[in-house]
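In: Predicted coordinates and the sequence they were generated for:
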Number of protein chains: 2
Amino acid sequence: MIEYRNLRVALLGAGSVGAQVASLLLEHGDELANRAGAGLELIGVAVRDLDAPRTADIPAALLTTDAESLILGADIVVELMGGLEPARTYILQALTSGADVITGNKALLATHGPELFELAEQVGAQLYYEAAVAGAIPIIRPLRDSLAGDRIKRILGIVNGTTNFILDRMDTAGESLEAALATATELGYAEKSDPSADIEGFDAAQKTAILASLAFHTTVPLDAVYREGITAITLEQVDAARKAGYVVKLLAICERLTDDEGVEGVSARVYPALVPRSHPLAAVHGAKNAVFIEAEAAGDLMFYGAGAGGIETASAVLGDLVSAARRHVIGGPGVAESTHANLAVLPISRVITRYQITLSVVDQPGVLAAVATLFSEHGVSVETLAQSVQAQSDKPGAESAAPSATLVIGTHEASEADLAATVAALESSQVVRQVTSVLRVEGL
Amino acid sequence: MIEYRNLRVALLGAGSVGAQVASLLLEHGDELANRAGAGLELIGVAVRDLDAPRTADIPAALLTTDAESLILGADIVVELMGGLEPARTYILQALTSGADVITGNKALLATHGPELFELAEQVGAQLYYEAAVAGAIPIIRPLRDSLAGDRIKRILGIVNGTTNFILDRMDTAGESLEAALATATELGYAEKSDPSADIEGFDAAQKTAILASLAFHTTVPLDAVYREGITAITLEQVDAARKAGYVVKLLAICERLTDDEGVEGVSARVYPALVPRSHPLAAVHGAKNAVFIEAEAAGDLMFYGAGAGGIETASAVLGDLVSAARRHVIGGPGVAESTHANLAVLPISRVITRYQITLSVVDQPGVLAAVATLFSEHGVSVETLAQSVQAQSDKPGAESAAPSATLVIGTHEASEADLAATVAALESSQVVRQVTSVLRVEGL
C-alpha cells in the first residue's frame, strides 16, 4: 500500500448521518485514501451525550464532549449536528483555524450562509455542503461546476421526502392527509413530535434558499422564500387532479424572471402545485427526491435519488470529504461561493403562473357570467371552465336555498397579485358559496 | 466590471457542438469570466475548410486551418473534431505544451484514454471530458467527485439517443425497426450515410468503456466491452415485452462482480434488455438519455437529460471550460485519473442475469418436458413458462407437420455461458422449430 500524508478529520455529531460517516470512514479508509491521495484519519467524534445509543458502532475512545479542542486539531471538520447553535460557532471556529468544513446543515446555510461563505473566502478555506440539499443526490456540484458555463432558467425540486411520501400515498392509496401522515410517522419518515418542518414546507424552503443562491449567483435569504405547506391539501383535490391528468407535488421553485423593462430578478418559492402526469417529476414516488433543472443551453435535466437516510446522506458527505482532501493535497484557495450576479429577489406577487380554482357557487342563471366578469375585471384570463351541478341535499332541515354547482376554472398565465385580488373578489361575491381550492399549475 | 487575467482558449472543430461553444463563448464572455475568475479569450477556431457552412456565426478572423500553431499559443485547448486522428496528435501536443484539454471525443477516449490521461498526469495538466458521455447530462463530475467516497455497484445507462428514439417509436407508435430508423434519420437523430455506430451499439460501447473505467478506478479497454446492437429487435419482441410489463431498452451496463472466491472484477457490456415499466429508466422517452447508478451507500440515483445536440452538449463543454479556468487561477496539478483499483475486466460469459426466451416448438405431448430437461441439464433454472398454441395454417399447401406452439420461458439468474449452451442445445433439438427471441432481463 502507498503511504499517504494523513489528514485529520473531526466529526461533530453522531446522529443517523454522522454515525454512518464515522463507520464508513473507519471501514473504507484505505480505499478513500487511494481516491483522495491522502489518508483520512478520524481523530474524534464530538457528541452531547457519550452514552446515547448510536445507529452504527463508534469506538468509545473516539467520542468526546469537547468539540472545541477537537476542532483545533483538525484539517477537515465535518459538522452533522444540525440546528443553528452551537453549529454556527463551531464552523466559524473551524474556518478561522484554517480547516475546511463539510456540513449537511440546511437550516444553518439558509440562515447564516453568507456569513460562513464570507469567512471561508477570507481565510482561504472551503465550505462543502452537498449533503444539505436532496441527501444523496449530487446537485450542489453539478450546479456549481458542471453547469457553470450555462444559465439556469428554472429549478423545480421535490426536495422533501416526507411530503412527497404523503402526497404519493394520497394519490396512489387514497389515504387522507392525516392517515398518510400517520403512515409516514410510523415508517420513520416524519418526526413524531413535530412534523411541521416537513409538512409546513420549512425544510423545503431552506433548501430552496440554498439552491436559488447557488443557481443564480445571488444571495437569496430564507425569509425571501415564499412558503406554503401541504396541510391544506385534501383528498378531493388530489382526486380531482388525477382526473384532470395531474398529480399534486410540493415543489421548491427557483426561477429567473425578467420584468417588462428587461430587468432580471429571481423568485424562490415553495408550494403544492399541479404537475402533468407525463412530466418526469410526476414519476417521483414515495420518499424519493428529484431536482429538475431548465438551463438555457443544456435544456432539461433531472437528478433523482434518495433525499434522506443516514447512509445515503453519508455518501454525499464522503464525496465532499474526498474533494476536501484532494484540495489539501493540491493546495490553493479553492472555489469561492459566487454572488457576483446579485439579482433582485422578487416577492411572490411578481410570480406569473397558471391556476386551477374550484368554486362552489349558487346554481342559478347568470352565475357563470358573474364569475367570468370577476376574473376579467382583475385581469385574469380564463382558459378552461367545467361546471357540475351537485345533487341537492335531501336531508330534512337542509337549507332551502338554491342548489349548489361546482365550477373548476383553469386560468391562463396570471400574476400572483392579480390572482390574489380575484380570489378576494370571489370570496366576497354573492354567487360564490366557497372558494374550495386554489392550486398553481407550473408551466411544464 | 472587474479586470481579470485572460486565458487563451483554442477551439479545434466547428461542427454542431464546436460552433455553439464558439458562439456562447463570444456571447457570454463577461458572465463566464465572473464565474471562472478569469477572462476566456477565444483566440482561434481550427477547421479543415474555412468556407464550410456553420450552424452558428464565427467571425472569419478567428478561423484557421493551422491547428498546430493555434495550440501552441493556448492555455486551454477544446477538441471537438471527433475521430481518432488528428485529434489524438493535437491533444498530445496540447498537453505537452502544458495546456489543459477539454474534449467531447468518446471514440478517442475509449481507444486511447490511458495514453492521454498518463501524459496529462506526467505534465501536470488536466483532461476534461464531461461532453463525451450523455451530452448535456453532468455524469463524469458526479462519478468522479460527488460519489468519490462511495462504491459503485452498477451503472445502467441509456446513452445513445438514436437507439432510444427508435425503440421508443417501436413501443409507442408501433413502427417497425426500419420505419423507426427512417423516422430517426428524417429528424436528424440518425446518420443518413451510416447509422451503424448507433444501431450496432458502437457509440454506446465507447461510452460504456469510459463510464466503467471511471466508476471502477480500472482501465476498461473498448474491446473488453461486450456489444450487441438493436438490429435484431423485432416489433413482435417489443409488443410481447409490453404485454409482460416490460420495455426494451439498449442498456450500457457497468457492473462490479464478485466471483465464488470473493475476487472482484468488472463487467462492461451493451445490449438490448427488458426493463420493467415501473423502473425510472422505462420513462426515458424519445432521444433522451439517462444514467442510473446503484451505489453502496447512496442507493439508487438517476441522471436524466439531453444526450446529444449542439447547444446542449456545448453546455457540458463550457462547464469544463469554467473548471479548467478556475484551476488555472488556483494553480496546482489537479485531479489525476484514478486506476488504483485495477480490477480484472471479465468476459460476458461471467455475467449473471435473467433471460426471457421465446421458442416455436412442435405442439405434441412431451415437448414441455423435453424443453425443461434441456434447461436443467445446462444448469439454467426456469422461473416462468407460458405456452400458447398457434392457429394452424389453413393455407393450401401448408406443411402437414404437427401444429406449432409458442413457449415463453423466463429464467432465474443464470450465467451467460450456461445460457449460451442452453440456447445451442435448444437450436439443435428435434422439438424446437426456432429460438425466436432471447432477451436479457436485468435485475431491477
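Out: On my side now, so go ahead.
In: So the residue in the stretch 251-400 of chain A that chain B sits nearest to: helix, strand or coil?
Out: Distances between the stretch 251-400 of chain A and chain B by C-beta to the nearest C-beta are smallest at A:L318, namely 2.3 Å. Where C-beta positions appear, they are placed from N, C-alpha and C, glycine not excepted. Three-state assignment for A:L318 (DSSP: H, G, I helix; E, B strand; the rest coil): helix.
In: same thing with A:T353?
Out: Relying on three-state DSSP, one would call A:T353 strand.
In: Check it and give its pLDDT.
Out: A:T353 carries a pLDDT score of 92 in this model.
In: Could you list the domains of chain A?
Out: Domain segmentation of chain A under automatic domain parsing yields A:6-136+A:311-330, A:140-306, A:351-441.
In: Can you say which helix or strand has the residue in the stretch 101-250 of chain A positioned nearest to chain B in it?
Out: Nearest residue of the stretch 101-250 of chain A to chain B (C-beta to the nearest C-beta) works out as A:G149 at 2.3 Å. Taking DSSP states H and E as the definition, A:G149 sits outside all helices and strands.
In: wait, doesn't it sit right on B:N34?
Out: No: in this structure, A:G149 is not within contact of B:N34 by C-beta atoms under 8 Å, at 11.6 Å.
In: So which of the two has more stuff around it?
Out: Comparing A:G149 with B:N34 by other C-beta atoms under 10 Å in any protein chain shown, the one with more neighbours is A:G149, at 29 against 18.
In: Next, the more buried one: phi, psi?
Out: Phi and psi for A:G149, reported as degrees, to the nearest 10, are phi -100, psi 0.
In: Let me see the contact set for it.
Out: A:G149 makes contact with A:297, B:24, B:28, B:32, B:35, B:315, B:317-322 under the criterion C-beta atoms under 8 Å, 6 or more residues apart in numbering or on different chains.
In: roughly how far apart are it and B:A33?
Out: Using C-beta to C-beta, to the nearest Å, A:G149 is found at 11 Å from B:A33.
In: and what of A:S381?
Out: 42 Å.
In: Turn the domains of chain A into CSV, including distance to B:R54.
Out: Shown next, in CSV, are the domains of chain A (distance: least, C-beta to C-beta, whole Å):
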stretch, distance to B:R54
domain A:6-136+A:311-330, 38
domain A:140-306, 17
domain A:351-441, 36
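In: rank these by pLDDT, which is bottom?
Out: domain A:351-441 (a mean of 86).
In: Residues in contact with stretch A:58-69: which ones?
Out: A:12, A:14, A:19, A:22-23, A:26, A:42-50, A:70, A:86, A:90, A:93.
In: Keep only those of those that are in strands.
Out: A:12, A:42-46 (DSSP state E).
In: ok, which of those residues also contact chain B?
Out: Contacts with chain B are made by none of the ones in strands among the contacts of stretch A:58-69, judged by C-beta under 8 Å from any C-beta of the partner chain.
In: Relative to A:V322, how far out is the residue nearest to A:A10 when sequence neighbours are not counted?
Out: Sequence neighbours aside, A:A74 is the residue nearest to A:A10 in space, at 3.6 Å (criterion: C-beta to C-beta, 6 or more residues apart in numbering or on different chains). Counting by C-beta to C-beta, the gap from A:A74 to A:V322 is 16 Å.
In: roughly how far apart are A:A297 and A:A215?
Out: 14 Å.
In: B:D239: which of the domains of chain A is closest?
Out: Among these, domain A:140-306 comes nearest to B:D239, with 22.1 Å by C-beta to C-beta.
In: Mind checking which residue lies nearest the centre of chain A?
Out: The centroid of chain A falls nearest to A:A204 when counting by C-alpha atoms, centre = their mean (3.1 Å).
In: Surely that one is in contact with A:G161?
Out: No: with contact defined as C-beta under 8 Å, A:A204 does not reach A:G161; the gap is 10.3 Å.
In: Run the chain-centre distance for the strand or helix carrying A:A179.
Out: Using DSSP H and E, A:A179 sits in helix A:177-186. Relative to the chain's own centre, helix A:177-186 is displaced by 20 Å; criterion: C-alpha atoms, centre = their mean, to the nearest Å.
In: got it, and stretch A:408-423?
Out: 25 Å.
In: Check what contacts that stretch and list those residues.
Out: A:240, A:244, A:348-359, A:371, A:374-375, A:378-387, A:435, A:438, A:441, A:443.
In: So which bits of that stretch are buried?
Out: For stretch A:408-423, a neighbour-count test (16 or more other C-beta atoms under 10 Å in any protein chain shown) marks A:408-411, A:414-419, A:421-423 as buried.
In: ok, now stretch A:44-52?
Out: A:44-47.
In: In the stretch 301-444 of chain A, what residue spans correspond to helices?
Out: Secondary structure of the stretch 301-444 of chain A (DSSP state H, counting those that start in this stretch): helices located at A:310-330, A:367-377, A:416-427.
In: What angle do helix B:310-330 and the longest one make with each other?
Out: Computed with axes from the mean of the first three to the mean of the last three C-alpha atoms, to 10 degrees, the direction of helix A:310-330 lies at 50 degrees from that of helix B:310-330.
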